[in-house]
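Visitor: below is the sequence, then the predicted model.
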Amino acid sequence: MNHKGTVTLETERLILRRFAVSDAPDMYRNWASSEEVARFLTWEPHPSAEATAELLAEWVGEYEKPETYNWVLVLKETNLPIGNISVVKLYPETACASLGWCLGTAWWGQGYMPEAGKAVLQYLFETVGCSRVCANHDADNPKSGRVMQKIGMKKEGVLRQHGYARGRVFDDVWYGILAEEYRSLQHE
């Protein structure tokens, strides 16, 4: 893989860019404080914008590493941060990246996450040189699986009682897309 780090990506309606600590108030208000957003994720809702700022200070420091891929999704129209998408784990031996994302509830169902996911897939396959990109979701959160399908991922299986988040064990549904599958989708 040819790690380039988190570079700014642009879609029709979004700018995907690096986080800044100054994003803390918007991140806290728009998704990090939401129990509904965090319901199927590994983290607890943030107790304050200050806690969000502390986390963002850590994330900003991680950008020094070229293998860090963590974007904030910003609406072009309003310059408002509405969610994030990141590589949560890299598997260097197989050139695989595992994605994770979250989005404020006010923007659910409007196609923003598939739009962002397609831009990230393009970057990971065409620039970074990944051979595979995968993602997983709690079986009780099928909306996340629909995002995976919309960006071209195929369901690969369910690992029963494999996932653990916030004190609960769940069935973990895995999706993936290979570089050659991605390339063939670009020619359709």
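Guide: Thanks, I have it. Numbering: from 1, shown residues only.
Visitor: please enumerate the strands of this structure.
Guide: 9-10, 14-17, 70-75, 81-91, 96-103, 132-138, 154-165, 168-178 (DSSP state E).
Visitor: quick one: closest of these to H3.
Guide: Distance to H3, taken as C-beta to C-beta, is lowest for strand 81-91 among those, at 8.7 Å. Where you see a C-beta, it was placed from the backbone N, CA and C, and this is true even at glycine.
Visitor: OK, contacts around the nearest residue to V169 once chain neighbours are set aside?
Guide: Using C-beta to C-beta, 6 or more residues apart in numbering and skipping the chain neighbours, the partner closest in space to V169 is Q161 (5.2 Å). Each residue near Q161 by C-beta atoms under 8 Å, 6 or more residues apart in numbering is listed here: 169-171.
Visitor: what's around H46, how many residues?
Guide: 20 (other C-beta atoms under 10 Å).
Visitor: what do you get for the one 10 residues further on?
Guide: The local packing count at L56 equals 20, with neighbours defined by other C-beta under 10 Å.
Visitor: per-residue pLDDT of it, please?
Guide: Here, the pLDDT recorded for L56 equals 98.
Visitor: let's number from 11 now, not from 1
Guide: All set: I'll call the first residue 11, so the last point we hit is now L66.
Visitor: hmm, Y38 and it touching each other?
Guide: No: L66 lies out of contact with Y38 (C-beta atoms under 8 Å); the separation is 9.7 Å.
Visitor: quick one: residues contacting the nearest residue to P57 once chain neighbours are set aside.
Guide: Distances taken as C-beta to C-beta, 6+ apart put S43 closest to P57, at 8.0 Å, once the chain neighbours are dropped. Residues near S43 by C-beta under 8 Å, 6+ apart: 55-57, 62.
Visitor: narrow those residues to those that are buried.
Guide: The neighbour count (16 or more other C-beta atoms under 10 Å) marks 55-56, 62 as buried among the contacts of S43.
Visitor: which one of the contacts of Q171 is nearest R156?
Guide: D181 (16.6 Å).
Visitor: now K165: how far from N151?
Guide: Distance of K165 to N151, computed by C-beta to C-beta, to the nearest Å: 14 Å.
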